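Novice: Quick check, what structure comes out for this input:
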Amino acid sequence: MIYLDNAASTQIRLEVLEIINNELINSFANPSSPYSPARSSRIAVDRSRKIFADSLNCNESEIIFTSGGTESDNTAIKGPAYALKNLGNHIITTSTEHHAVLHTCNNLEKQGYEITYLPTDEFGMVSKDDVISAIKPNTILISIIYANNELGSLNPIKEIGEAIKKHKGNNSQFPLFHTDAVQAAPFLDLDVDKLGVDLMSLSAHKFNGPKGIGVLFMKNGVPFEPLITGGGQERQKRSGTENIAFISGSAEAIKLSENEKTINYDKCLFLKNKIINHLKQRQPNVYINGHPKLNLPNIINLTFPDIRADDLISALDLEDICISNGSACTSNSLEPSHVLKAIGMDADLALNTVRISLGRNNTEDEITQFLKILDKIIKRIRDNKKEFIRK
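Specialist: Residues are numbered from 1 along each chain as shown. I've put the predicted structure just below:
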């Protein structure tokens with residue numbers, strides 16, 4: 001198998017799996033219980049929290065474990081929004097966010113909140129000036145994706161953070177600033193202080209950790225109303241008995257990811273350039289979407305004007321090669337991607353668009369084989385079309 005859908009999910013590392021198995025066997029006690037085995041469980045959770053705090057350059061008390069990126073996004077937006085409803089009800093986001101953000105904002109609109117969905121440029125990027133210009137006296141939260149999960153384009157999070165801080169001055173905590181860093185985590189700087197964010201979402205299965213576990217950075221002092229209540233775990237912010245094994249596994253995954261970030265960045269960029277250079281030579285009519293430079297090193301979004309994405313994906317699947325037609329959360333939809341529509345792409349072309357996403361396990365030999373098979377499939381599809389037209 002040649003797996004080229006790492007933006008959807010990554011293969012779990014053996015080192016991570018070993019940690020998970022060990023914790024499943026040994027950390028079986030509830031970390032909230034008052035005896036020795038429980039203290040071992042608590043130590044495992046606290047150790048993991050420190051690893052994430054070190055990776056994000058924040059306080060351990062600012063790390064909240066969740067069930068994944070979707071819950072982290074929901075919590076980052078709804079928690080402060082509910083807590084601040086008497087202060088303001090205006091939230092700013094963009095039209096190219098992941099559905100975990102967009103649908104959360106849609107839901108809040110139904111509850112009486114005012115949402116501004118900022119347009120982006122043709123690369124799916126929002127400008128700092130547009131964000132600042134949209135701020136109103138009742139704006140309580142701004143949520144901007146760090147790296148787009150379909151196009152790979154990077155938003156200027158650090159510059160936006162600096163501009164928001166300047167806008168607020170010394171007398172206001174608001175608006176709060178959240179970024180969905182789920183796709184960015186394996187490759188970009190996660191230092192929340194440098195980025196100037198109050199909230200940041202992560203999901204372990206995007207950096208070779210397990211599915212079903214995520215992290216929310218929430219700066220100390222952020223007003224918050226918990227969405228899940230019960231036993232008061234996670235400092236009263238997210239109740240529920242902790243998933244010790246997956247928390248520990250995700251911490252090992254982020255530690256390894258941070259240690260290898262530069263190596264993996266350079267490796268993926270090399271393979272990405274190999275694919276792009278080949279396509280430019282062999283498939284000159286292909287459109288490469290997203291910003292040509294301000295982009296993740298592992299995502300390539302391609303439009304073949306005369307080939308349906310579903311046909312290409314199915315043909316590659318028969319060759320045991322995995323690519324997608326966009327976000328895994330929307331890939332089964334018959335509708336064109338909302339991201340591609342937001343950047344002004346024609347609906348028919350959007351249905352001809354695929355996403356290739358690389359990861360740490362991909363090799364140059366795999367890419368060479370993939371490109372050879374891709375050329376054959378494209379030729380076969382085009383030849384079949386010509387034969388059908390003649391008939």
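
Novice: hey, C-alpha coordinates of stretch 116-134 in PDB?
Specialist: The C-alpha trace of stretch 116-134 is given here as PDB (Å, rounded to 0.1, in the frame of the first residue of the first chain):
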ATOM      1  CA  THR A 116     -18.800  37.200  10.700                       C
ATOM      2  CA  TYR A 117     -17.400  34.700   8.100                       C
ATOM      3  CA  LEU A 118     -14.500  36.500   6.500                       C
ATOM      4  CA  PRO A 119     -13.800  35.800   2.800                       C
ATOM      5  CA  THR A 120     -10.300  34.700   1.800                       C
ATOM      6  CA  ASP A 121      -8.100  35.200  -1.200                       C
ATOM      7  CA  GLU A 122      -7.700  32.700  -4.000                       C
ATOM      8  CA  PHE A 123      -5.300  30.700  -1.900                       C
ATOM      9  CA  GLY A 124      -7.700  30.300   1.000                       C
ATOM     10  CA  MET A 125      -5.800  32.800   3.200                       C
ATOM     11  CA  VAL A 126      -7.300  35.700   5.200                       C
ATOM     12  CA  SER A 127      -5.500  39.000   5.700                       C
ATOM     13  CA  LYS A 128      -4.600  40.500   9.000                       C
ATOM     14  CA  ASP A 129      -6.200  43.800   8.000                       C
ATOM     15  CA  ASP A 130      -9.500  42.100   7.200                       C
ATOM     16  CA  VAL A 131      -9.500  40.400  10.600                       C
ATOM     17  CA  ILE A 132      -8.900  43.700  12.500                       C
ATOM     18  CA  SER A 133     -11.400  45.600  10.400                       C
ATOM     19  CA  ALA A 134     -14.100  43.100  11.400                       C
END
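
Novice: what is the rounded mean pLDDT of it?
Specialist: Average pLDDT, stretch 116-134: 98.

Novice: Can you give the distance of that stretch from its chain's centre?
Specialist: Taking CA atoms, centre = their mean, to the nearest Å, the mean C-alpha location of stretch 116-134 is offset from the chain mean by 19 Å.

Novice: Could you check that stretch and say which residues are buried?
Specialist: Using 16 or more other CB atoms under 10 Å as the test for burial, stretch 116-134 gives 116-118, 120, 123-128, 130-131, 134. Just so you know, the C-beta spots here come from the backbone N, C-alpha and C atoms, and that holds for glycine as well.

Novice: These: which two are farthest apart?
Specialist: Maximum pairwise distance in the buried residues of stretch 116-134, criterion CB to CB, is 20.2 Å, between Thr116 and Phe123.

Novice: and the longest helix seen in the chain, what does it pack onto?
Specialist: In the chain, assigned by DSSP state H, the helix with the most residues is helix 364-390. Using 3 or more CB pairs under 8 Å, 6 or more residues apart in numbering; DSSP states H and E, the elements in contact with helix 364-390 are strand 2-3, helix 261-282, helix 309-318.

Novice: Just send the ones you listed back as JSON lines, with mean pLDDT and distance to Ser248 too.
Specialist: Output for the helices and strands packed on helix 364-390, formatted as JSON lines (pLDDT from 0 to 100; distance: least, CB to CB, whole Å):
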{"stretch": "strand 2-3", "mean pLDDT": "98", "distance to Ser248": "25"}
{"stretch": "helix 261-282", "mean pLDDT": "98", "distance to Ser248": "21"}
{"stretch": "helix 309-318", "mean pLDDT": "97", "distance to Ser248": "34"}
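
Novice: Quickly compare these and say which is most buried.
Specialist: Among the helices and strands packed on helix 364-390, ranked by average contacts under mean count of other CB atoms under 10 Å, first place goes to strand 2-3 (a mean of 18).

Novice: list the contacts for Thr75?
Specialist: Ile64, Thr66, Leu216, Leu227, Lys237, Arg238 (CB atoms under 8 Å, 6 or more residues apart in numbering).

Novice: Not counting its neighbours along the chain, what's nearest the second one?
Specialist: Read it as Thr66. Distance criterion CB to CB, 6 or more residues apart in numbering; nearest residue to Thr66, sequence neighbours excluded, is Gly214 at 4.3 Å.
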